[in-house]
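> What follows is a predicted structure for the sequence shown.
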Amino acid sequence: MKSIKIGIMPQEKIRERMLAIAKGELVPKPSDPKVWFTSMRSLAQVLSDENRQLLDVIRMERPESITALSVMTGRKQGNLSRTLKTMSRYGFVRMERGHRCTRPIAQAERYEISA
């Protein structure tokens, strides 16, 4: 399983970087972070101890649905769905839609943080 590189920069610097990339003035290196946060606090909210444990359960147990994950973790399904949606926006989890349910899949087992 891969590692996700995370960068922390002020919002205006992230915006400047994105504009420079769009204009062709900056070519991102393969080693550059793929996920950006504006502060350590916002990163800590998404990758809290509880959420990292959730990612471990997803990676190790490979639940077939959000309902199954809810049973495994003891977390309410609505709360779990919101958390998974946030984590999927950052690329930490991929939500695979099936015929009757949605299956969470962890995208990495390691996280590298650059500040």
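That came through fine.
> Neighbours of residue 29, how many?
Using other Cβ atoms under 10 Å, residue 29 has 6 neighbouring residues. Just so you know, the C-beta spots here come from the backbone N, C-alpha and C atoms, and that holds for glycine as well.
> typed the wrong thing, it's residue 26
The criterion is other Cβ under 10 Å. On that basis, residue 26 has 14 neighbouring residues.
> how about it, what does it touch?
17, 20 (Cβ atoms under 8 Å, 6 or more residues apart in numbering).
> which SSE is residue 22 in?
Counting by DSSP states H and E, the element that carries residue 22 is helix 11-23.
> how far is that helix from where the chain is centred?
Centroid separation for helix 11-23 versus its chain: 21 Å, with Cα atoms, centre = their mean, to the nearest Å.
> for the closest residue to residue 51 other than its chain neighbours, phi and psi?
Counting by Cβ to Cβ, 6 or more residues apart in numbering, residue 83 is the residue found nearest to residue 51 once chain neighbours are left out, at 6.4 Å. The phi/psi pair for residue 83 (degrees, to the nearest 10) reads phi -60, psi -50.
> Now do residue 83 against residue 35, distance only.
16 Å (Cβ to Cβ, to the nearest Å).
> next one: residue 82
As for residue 82, its distance to residue 35 is 19 Å (criterion: Cβ to Cβ).
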